[in-house]
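[1] Sequence and computational prediction follow.
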Amino acid sequence: MGPTASGKSCLAIHLAQQLGGEVINCDSLQMYRHFDLGTAKPTLEERQGILHYLLDILEPDEQFSAGEYMRQAREVVSTVAACGHLPIVVGGTGFYLRALIEGLFAGPPRNTRLRQRLQQRAAVKNKGYLHRLLLRLDAAAAATIHPHDTPKLIRALEVCLEARRPMHELFRQGRQSLEGFRVLKAGLNPPRAELYERINQRTRSLFEQGLVEEVRSILAQGYPPTAPPFRSHGYRQALDYLEGRISLEEALYHAQTKTRQYAKRQITWFRKEPDVQWFAGFGTDTQVQAAVSRFISDHRALVVEAGLPASHGLC
C-alpha cells in the first residue's frame with residue numbers, strides 16, 4: 001500500500017519474481033478497460049510475465065462496489081494460494097483493501113434510482129446539503145465522513161433510507177473478515193517533497209504521452225463522459241479540456257494539484273491501517289525492494305515453522 005506514484009506496482013512485480021507470487025490489483029481505476037495511461041496500469045511488458053488479476057475486468061460505464069471487489073478478490077486470493085503461490089495485493093484504493101481483509105457490514109444493496117435522486121438534490125442545493133441530511137439521520141456516521149465526500153455520503157444516506165436504521169447500528173452487527181491467511185501489510189512512505197515532484201513529472205508525462213488522445217478514443221467508442229473513471233484526476237481535466245472548459249495548460253496544472261491532494265488523502269487513510277510495516281522510499285528503490293522482500297520472507301518462515309503452507313501468507 002502507499003500513495004499514488006510511490007512505486008507500488010514495480011515493488012509488487014519484484015516481490016512476485018523473488019517470492020513466487022502473483023499480483024492481485026487493488027486499484028479501483030485499473031479495473032476498467034481502455035483507461036491505461038492515466039491509471040498507470042502496468043503494461044504487459046512491465047508485468048514481466050507475472051500473472052496479474054482484476055485488471056481490465058470492467059467496461060468504462062460499469063459500476064463496481066467495494067462489496068463486489070471483496071467477493072472477487074477473495075476468490076482470486078484463495079485460488080492463487082491453492083496453486084502454491086504467494087498472493088500479493090497491490091494498490092492505493094484503501095477502502096477496497098479494507099473490504100478484502102476486514103469485510104463489509106451487511107448493508108442493503110445499491111438503489112440506483114435513490115442514488116440519482118440524491119445526486120440531483122445535491123446538484124441544486126448548496127454545498128453541505130448531503131452532509132446536513134445525513135447528520136439528521138445518523139449523526140454518528142456523519143461525524144466519520146468528510147462533508148465533501150459525495151460518494152460516501154450518498155451510500156450512507158442510501159443505507160439509512162433503505163434499511164430504515166442508522167448506518168452505525170448496522171456496523172455494530174459485525175463483518176466477516178478474511179480467514180485462513182496471515183496478512184502482512186507493507187507500506188511505502190517516500191519523502192513528501194520527492195513524492196510530489198514525482199507526481200508532477202508523471203502527470204506531465206501522461207499528457208505528453210497522449211492522455212488527451214486516450215480520452216478522445218474512449219469517447220469515440222461510444223462511452224459517455226459520465227462514466228465512473230472520468231471522475232478521476234487526470235481524466236477529469238483532460239475531459240474538461242476536450243469539452244472546452246479549460247486550456248491544456250490549466251488541465252495539466254489542475255491534474256497535478258488534484259493528484260497531489262489525493263496522495264495526501266491516501267497517506268492519511270493508510271496511516272490509520274493497523275499493523276503496517278512502513279518503508280521509507282519508493283518501490284523502485286532496490287534497497288526498499290530488498291527490505292520488503294526480507295520482511296515477507298522472515299514472516300513466511302515463521303508461518304512454515306508453525307506448520308502452515310508458505311502460501312498462506314498474504315502480502
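    Received the coordinates, thanks.
[2] First-to-last residue distance for stretch 21-38?
    Using Cα to Cα, to the nearest Å, one end of stretch 21-38 lies 26 Å from the other.
[3] same question, stretch 183-199
    Note: stretch 183-199 ends 29 Å apart using Cα to Cα.
[4] ditto for stretch 167-177
    Termini of stretch 167-177 sit 19 Å apart (Cα to Cα).
[5] just stretch 188-196 next, same as before
    End-to-end distance (Cα to Cα), stretch 188-196: 14 Å.
[6] Distance of the closest residue to residue 234 other than its chain neighbours relative to residue 209?
    Counting by Cβ to Cβ, 6 or more residues apart in numbering, residue 234 lies nearest to residue 38, which is 4.1 Å off, once chain neighbours are set aside. To be clear about C-beta, it is placed using only N, CA and C from the backbone, and glycine gets the same treatment. To residue 209, residue 38 is 10 Å away according to Cβ to Cβ, to the nearest Å.
[7] Among the two, which residue is more densely surrounded?
    residue 38 (24 against 11; other Cβ atoms under 10 Å).
[8] Surely that one is in a strand?
    No: using DSSP: H, G, I helix; E, B strand; the rest coil, the assignment for residue 38 is coil, not a strand.
[9] so how far is residue 129 from it?
    Counting by Cβ to Cβ - residue 38 and residue 129 are separated by 30 Å.
[10] can you check residue 249 too?
    Using Cβ to Cβ, which is the criterion applied here, residue 249 is 33 Å from residue 129.
[11] Next: residue 110.
    From residue 110 to residue 129 the distance is 21 Å (Cβ to Cβ).
[12] for residue 60, same thing?
    Relative to residue 129, and taking Cβ to Cβ, residue 60 is found at 29 Å.
[13] swap in residue 79?
    For residue 79, the distance to residue 129 - Cβ to Cβ - is 44 Å.
[14] And residue 121, by the same measure?
    7 Å.
[15] Counting neighbours around each, name which of those two comes out higher.
    Set side by side, residue 121 and residue 129 show more neighbours around residue 129, with 16 against 13, by other Cβ under 10 Å.
[16] Give me the phi and psi angles of that one.
    When quoted as degrees, to the nearest 10, the phi and psi of residue 129 stand at phi -60, psi -50.
[17] I figured it hits residue 122, correct?
    Yes: between residue 129 and residue 122 there is a contact under Cβ atoms under 8 Å: 5.6 Å.
[18] so where do the helices sit in the stretch 1-150 of the chain?
    Using DSSP state H, counting those that start in this stretch, the helices of the stretch 1-150 of the chain run over residues 8-19, 44-47, 66-82, 94-102, 112-124, 129-137, 139-142, 150-163.
[19] Mean neighbour count, those: which tops it?
    With neighbours taken as mean count of other Cβ atoms under 10 Å, the helices of the stretch 1-150 of the chain reach their highest mean count in helix 8-19, at a mean of 22.
[20] just checking, what packs against that one?
    strand 21-25, helix 44-47, strand 86-90, strand 185-188, helix 286-305 (3 or more Cβ pairs under 8 Å, 6 or more residues apart in numbering; DSSP states H and E).
[21] at 6 Å instead, please
    Judged by 3 or more Cβ pairs under 6 Å, 6 or more residues apart in numbering; DSSP states H and E, the packing partners of helix 8-19 are strand 21-25, strand 86-90.
[22] Output the ones you listed in TSV, with distance to residue 221 appended to each entry.
    Shown next, in TSV, are the helices and strands packed on helix 8-19 (distance: least, Cβ to Cβ, whole Å):
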stretch	distance to residue 221
strand 21-25	22
strand 86-90	28
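[23] any chance of those strands in a markdown table, plus distance to residue 161 and mean neighbour count?
    Below are the helices and strands packed on helix 8-19 laid out as a markdown table (distance: least, Cβ to Cβ, whole Å; neighbours: other Cβ atoms under 10 Å):
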| stretch | distance to residue 161 | mean neighbour count |
| --- | --- | --- |
| strand 21-25 | 32 | 24 |
| strand 86-90 | 33 | 24 |
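[24] Would you mind giving those as CSV with mean pLDDT and distance to residue 176 added?
    Shown next, in CSV, are the helices and strands packed on helix 8-19 (pLDDT from 0 to 100; distance: least, Cβ to Cβ, whole Å):
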stretch, mean pLDDT, distance to residue 176
strand 21-25, 98, 19
strand 86-90, 97, 18
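[25] Would you tell me which of those gets closest to residue 12?
    If you check each of these against residue 12 by Cβ to Cβ, strand 86-90 wins as the nearest, at 3.8 Å.
[26] and the closest one, how far from the chain's centre?
    Remark: strand 86-90 is offset 14 Å from the chain centroid, using Cα atoms, centre = their mean, to the nearest Å.
[27] Now do the contacts for the residue nearest to residue 234.
    The contact partners of residue 38, by Cβ atoms under 6 Å, 6 or more residues apart in numbering, come to 206, 211, 234, 235.
[28] Count the neighbours of residue 272 for me.
    Close neighbours of residue 272, defined as other Cβ under 10 Å, add up to 9.
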